[in-house]
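Undergrad: after the sequence you'll find the predicted model.
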Amino acid sequence: MTDSAETPLPRRIAHLDMDAFYASVELLRYPQLKGLPLVIGGGRRAPDNALLQRYAGQPLSAIPVAEFPLLKDYTGRGVITTATYAARQFGIGSAMGLMKAARLCPQAILLPVDFAEYRRYSRLFKEVVLSMAPLMEDRGVDEVYIDFTDVPGGQRQGGRSLARLMQGAIADATGLSCSIGVAPNKLLAKMASEFNKPQGISIVQADDLQALIWPLACRKINGIGPKSEAKLQALGIETIADLAARPRAWLLQHFGKSHGAWLHEAAWGRDDRPVVTESEPVSMSRETTFERDLHAREDREELGAVFTALCEQVAADLQRKGYSGRTIGIKLRYADFKTATRDITLELPVADAAAIRLAAGQCLKRVPLAQRLRLLGVRVGALVRSGDAQALLAQGPRPGTRQRPVADPYTAPLF
């Protein structure tokens, strides 16, 4: 007789995705907007401040719908962070310019982004998840992976029982809904969580691959972007079934050894990645899209101020989270929407704004600046914990390297 304790349980991995998270948080504050097309994007503007001042002292739920700013009245360069399902029906989506969205749905209500409030609700729903299933991988403000395998109820109905309990507990704690996909691995769970949005639960078993996964478009595989999708379509591959039908050797020939092998494994629903409960950030960055295109020469002072502010913001993020980084990079997006990036790797990690600004300024000298700019960003990568950074600083630079000058970094010319 075989001891059941020696037989491992079938792997059950869940992907939990909050439904239209930012918009749903706003609807808790403004329940009168439920069911209406609503767009979240950009910072707080004068009309938003004026609205709150007019109704100061009254609950936010008492503000009449007719008083809210409309998308049709927006002018500027902001982009959509998220939108309610009612707005998405008009073709509006995340990262779309607000001006373009206004042409598609002028009657949509426009609210500013409130990251502090979204982070607060993010912490709340993740606390609920951890109280029910201790193996959780944080994937951002509104999604997590959860290992259901050994959790009580995690195997019942393929994980549906635990998913239903978790949905209810999150709703009770936050007033928000989520969609959950449960599958043998992270790849399939991520796809499953999209099957029945909003507030859906989708279960995929190992033998459901042909029926539930293969009919889907290749783009549904997390990791296949627009470029890969276009190349696959050019080769006559539209669905995941088409992809699975191609021999592994053929995929390696057309997509390279690494990517081709991954495509083959993904098409057959194979993914051995564990649920990682603790992960180190790869980089931290800040960027901004300008209200109008700026020129390096004509708008030198304004660009310099924005650049300095971005460096200070990244430095504050690093110091708050206890990191330093050696790779400093910049990102520029020109008026024609083309993007340029440059980076530089320092001998020792840094976390202060002055050093970041000096290194990022050196990157600026390596990009063309004749064209007007619509976006500017600063990034710090190759991160190490501050304690490790202090040890490296105590050792000094590696033999044969030369420290870069850091005197008066704020006087270094930029644009």
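TA: Now that the structure is in, tell me what you want to look at. None of the values given here were measured: they were computed from a predicted structure. Numbering: from 1, shown residues only.
Undergrad: any weak-confidence spans in the stretch 301-415 of the chain?
TA: For the stretch 301-415 of the chain, applying pLDDT under 70 flags the ranges 387-415.
Undergrad: change it to 90
TA: 301-302, 305, 320-321, 335-338, 385-415 (pLDDT under 90).
Undergrad: quick one: the strands in it, in order.
TA: With DSSP state E, counting those that start in this stretch, the ranges of strands along the stretch 301-415 of the chain come out as 323-334, 339-350, 373-385.
Undergrad: reformat those strands as JSON lines; add distance to Arg54 and mean neighbour count.
TA: (Each C-beta comes from the backbone N, C-alpha and C, glycine too.) JSON lines is the format used below for the strands of the stretch 301-415 of the chain (distance: least, CB to CB, whole Å; neighbours: other CB atoms under 10 Å):
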{"stretch": "strand 323-334", "distance to Arg54": "37", "mean neighbour count": "22"}
{"stretch": "strand 339-350", "distance to Arg54": "41", "mean neighbour count": "17"}
{"stretch": "strand 373-385", "distance to Arg54": "33", "mean neighbour count": "20"}
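Undergrad: quick one, which of those is nearest to Phe90?
TA: strand 373-385 (24.6 Å; CB to CB).
Undergrad: pairing partners for the closest one, with directions?
TA: strand 283-294 (antiparallel), strand 323-334 (antiparallel) (DSSP bridges).
Undergrad: re the thing from before, for the strands of the stretch 301-415 of the chain, which one sits closest to Ala108?
TA: strand 373-385 (23.1 Å).
Undergrad: that closest one to strand 339-350, inter-axis angle?
TA: Relative orientation of strand 373-385 and strand 339-350, computed by axes from the mean of the first three to the mean of the last three CA atoms, to 10 degrees: 30 degrees.
Undergrad: pull the CA atoms of strand 373-385 into CSV?
TA: C-alpha atoms of strand 373-385 as CSV (Å, rounded to 0.1, in the frame of the first residue of the first chain):
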residue,chain,number,x,y,z
LEU,A,373,10.3,65.8,-26.8
ARG,A,374,6.9,64.5,-25.5
LEU,A,375,8.2,62.2,-22.7
LEU,A,376,11.2,62.1,-20.4
GLY,A,377,12.2,59.3,-17.9
VAL,A,378,15.0,58.4,-15.5
ARG,A,379,15.7,54.8,-14.5
VAL,A,380,18.0,53.2,-11.9
GLY,A,381,18.8,49.5,-12.4
ALA,A,382,21.3,46.8,-11.2
LEU,A,383,19.8,47.3,-7.7
VAL,A,384,21.4,46.1,-4.5
ARG,A,385,20.1,46.4,-0.9
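Undergrad: how far is that strand from where the chain is centred?
TA: 15 Å (CA atoms, centre = their mean, to the nearest Å).
Undergrad: what's the answer for stretch 86-95, then?
TA: That offset, for stretch 86-95, works out to 18 Å (CA atoms, centre = their mean).
Undergrad: how about the strands paired with strand 373-385 in JSON lines, adding distance to Val39?
TA: Converted to JSON lines, the strands paired with strand 373-385 look like this (distance: least, CB to CB, whole Å):
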{"stretch": "strand 283-294", "distance to Val39": "16"}
{"stretch": "strand 323-334", "distance to Val39": "22"}
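Undergrad: and of those strands, who's closest to Arg119?
TA: Of the strands paired with strand 373-385, nearest to Arg119 by CB to CB is strand 283-294, at 15.1 Å.
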